[in-house]
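A.B. asks: Mind looking at a prediction? Sequence and model below.
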Amino acid sequence: MASSSSPMKAPKSVADVASWFCAIVLLGLILLASIRENSLPDEPVRENQFSEPPCDEIYLVGEGDTLQTIIDKCGDPYIVEHNPHIHDPDEVFPGLVIKITPSKPTSTKFLR
């Protein structure tokens, strides 16, 4: 009878070792994920990768801004059409308030 209980202990000890091994591997993966999550930079996403639009709906013209630089920066090629108070595109001055309606992102920026 002593010999019959010996084979029963061997599978149980293998199962215990396998359980401990799985627990240690799982704990290691959790720690690794935690460390990796904390080490990610807090910088915003750049370019067209799910970032916020570059301009708000209302844009205040600053010093040195031209209509073309605002169009390039905000992605709204129809600024003059959306802003009837702009009679001459060359007369954009600091302090002027412009409504921005950005169009869909284009890849023309990458073709230059």
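C.D. replies: Right, received. Where do you want to start?
A.B. asks: Assign a three-state SS to D65, would you?
C.D. replies: coil (DSSP: H, G, I helix; E, B strand; the rest coil).
A.B. asks: tell me the contacts of V17?
C.D. replies: Residues near V17 by CB atoms under 8 Å, 6 or more residues apart in numbering: none. To be clear about C-beta, it is placed using only N, CA and C from the backbone, and glycine gets the same treatment.
A.B. asks: so it is in which element?
C.D. replies: For V17, the enclosing helix or strand under DSSP states H and E is helix 2-38.
A.B. asks: can you pull the contacts of D65?
C.D. replies: Residues in contact with D65, defined by CB under 8 Å, 6+ apart, are 92, 94.
A.B. asks: Okay, now the sheet partners of the next helix or strand after the helix holding V17, with direction.
C.D. replies: Once helix 2-38 ends, the next helix or strand along the chain (criterion: DSSP H and E) is strand 58-60. Using DSSP bridges, strand 58-60 pairs in its sheet with strand 97-99 (antiparallel).
A.B. asks: Can you tell me what sits against the strand it pairs with?
C.D. replies: 57-61, 70, 79, 82-83, 86, 92.
A.B. asks: Closest one of these to I35?
C.D. replies: E57 (40.4 Å; CB to CB).
A.B. asks: Make sure that closest one is actually in contact with P102.
C.D. replies: No: using CB atoms under 8 Å, E57 makes no contact with P102, being 9.0 Å away.
A.B. asks: isn't K73 right next to V61, touching?
C.D. replies: No: contact criterion CB under 8 Å: K73 and V61 do not qualify, at 11.1 Å.
A.B. asks: Neighbour count for these two, which is higher?
C.D. replies: Per other CB atoms under 10 Å, whichever of K73 and V61 has more neighbours is V61, with 17 against 13.
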